[in-house]
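Participant: okay, predicted coordinates and the sequence, questions at the end:
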2 protein chains.
Amino acid sequence: MASLQKPFDVERFFQALADKTRLRLLNLMCDQEICVCYFVEVLGQPQPKISRHLAYLRNAGIVTARREGKWMHYRIVAPPNAGAARVLQEILDWLKEEKAMQADRTRLTRACCAPQKFVTLQNAPQPATIEANTAVVLR
Amino acid sequence: MASLQKPFDVERFFQALADKTRLRLLNLMCDQEICVCYFVEVLGQPQPKISRHLAYLRNAGIVTARREGKWMHYRIVAPPNAGAARVLQEILDWLKEEKAMQADRTRLTRACCAPQKFVTLQNAPQPATIEANTAVVLR
DNA sequence: TATACATATTCGTCAATACGGATATAATGA
DNA sequence: TCATTATATCCGTATTGACGAATATGTATA
């Protein structure tokens, strides 16, 4: 029974990483669970597009989702393959160094810490309030 | 003038890694320059297919080629982006742990060390003879 | 120059994916 | 139950990439 899990799909893993939007999403999730509405706000792109890319990451086994009322929270999960997990962590560390990715995270912080500036997000759950019990553990 | 180089294409980088054949090629090149004829021999796949994948890796800036008479030698080059270089090295380390990749390298060693078993490769240049001055330096 | 050998490219086809736009589903609250 | 909000999926289309088969290019050698 325990051996019924399909082997790790390396091609799918890298395909999932081969898209700018998905890398931006991963960067925003790099150390906390994030609500879809923030992705839409921060990336400034159509909600269906964000949702499709999140579904792609989910199917690739790189993120997982948790529902909280109307909101869906996504977070990164460590791949079952140890090597893949190491590579993913290295990628996240790399993204953190990129200017454009830092800018995204800055916008995320602004959206979370000053929600009054985003009228449509006034009631959206903030990452900080749920970070503690859903922190990503890749290492 | 020095700023005319185009920025590193992250999508292209990961697209290049999102193919089993290309990962097998990179694995074979992980610590030495390799002749195309060995790729064809070790992977047991059509020469045009190998050549196309090598061209893809070349266009992505992950490998470079050197001609030596009729033979073409390919080797991995460090990406200009430091983060990408670290990620690539982590990926190569990961590949080394995979059973199928180890089997490929074993077949490569056999092809190089016992060339008499491969009639069509009798005169092919062996990686060991040129390894010293073309070693990959990612770290 | 003609031939053989190693490698690269082209062509046609098929599958996968990205996208915008429209719509469907799920949860909440009046 | 109906409306609203948040998110997901579907549809048609355009692009990209992988493949086998055929062919072209480059190099050495007779």
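Facilitator: Okay, I see it. Numbering: from 1, shown residues only, chains lettered A, B, ... in the order given.

Participant: can we go C-alpha only for contacts and neighbour counts from here?
Facilitator: Noted.

Participant: can you give me the buried ones in the host helix or strand of residue A:53?
Facilitator: Residue A:53 belongs to helix A:47-59 when assigned by DSSP states H and E. Neighbour-count burial for helix A:47-59 flags A:50, A:53-54, A:56-58 (criterion: 16 or more other Cα atoms under 10 Å in any protein chain shown).

Participant: can you check stretch A:94-102 too?
Facilitator: Neighbour-count burial for stretch A:94-102, with 16+ other Cα under 10 Å as criterion, is recorded at A:94-96, A:101-102.

Participant: so which of those also contact chain B?
Facilitator: Among the buried residues of stretch A:94-102, the residues that sit close to chain B (Cα under 8 Å from any Cα of the partner chain) are A:94-95.

Participant: identify those among the buried residues of stretch A:94-102 that sit within helices.
Facilitator: A:94-96, A:101-102 (DSSP state H).

Participant: dump those into JSON lines; add pLDDT and distance to DNA strand D as well.
Facilitator: Converted to JSON lines, those look like this (pLDDT from 0 to 100; distance: Cα to the nearest atom of the strand, whole Å):
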{"residue": "A:94", "pLDDT": "98", "distance to DNA strand D": "22"}
{"residue": "A:95", "pLDDT": "98", "distance to DNA strand D": "21"}
{"residue": "A:96", "pLDDT": "97", "distance to DNA strand D": "24"}
{"residue": "A:101", "pLDDT": "98", "distance to DNA strand D": "21"}
{"residue": "A:102", "pLDDT": "98", "distance to DNA strand D": "22"}
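
Participant: find me the pLDDT at the residue nearest to residue A:58 when sequence neighbours are not counted, would you?
Facilitator: Nearest-residue entry for residue A:58: residue A:64, 5.7 Å, with adjacent residues in sequence omitted and distances by Cα to Cα, 6 or more residues apart in numbering or on different chains. Per-residue confidence (pLDDT) for residue A:64: 98.

Participant: is residue A:64 in a bridge, and if so with what?
Facilitator: residue A:75 (DSSP bridges).

Participant: from residue A:29, how far out is it?
Facilitator: Distance, residue A:64 to residue A:29, by Cα to Cα, to the nearest Å: 11 Å.

Participant: about what we covered before: farthest pair in the buried residues of stretch A:94-102?
Facilitator: Farthest-apart pair in the buried residues of stretch A:94-102 is A:94 and A:102; separation 10.9 Å (Cα to Cα).

Participant: which parts of chain A are strands?
Facilitator: Assigned by DSSP state E, the strands in chain A fall at A:34-35, A:63-68, A:71-76.

Participant: go ahead and confirm residue A:75 touches residue A:34.
Facilitator: Yes - Residue A:75 is within contact range of residue A:34, at 6.5 Å (criterion: Cα atoms under 8 Å).

Participant: and these two? Which one has more around it.
Facilitator: Legend: neighbour count by other Cα atoms under 10 Å in any protein chain shown for residue A:75 and residue A:34, higher for residue A:34 (28 against 24).

Participant: contact partners for that one?
Facilitator: A:28, A:73-75, A:127 (Cα atoms under 8 Å, 6 or more residues apart in numbering or on different chains).

Participant: need the strands of chain A in TSV (columns: distance to DNA strand C).
Facilitator: Shown next, in TSV, are the strands of chain A (distance: least, Cα to the nearest atom of the strand, whole Å):
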stretch	distance to DNA strand C
strand A:34-35	14
strand A:63-68	6
strand A:71-76	8
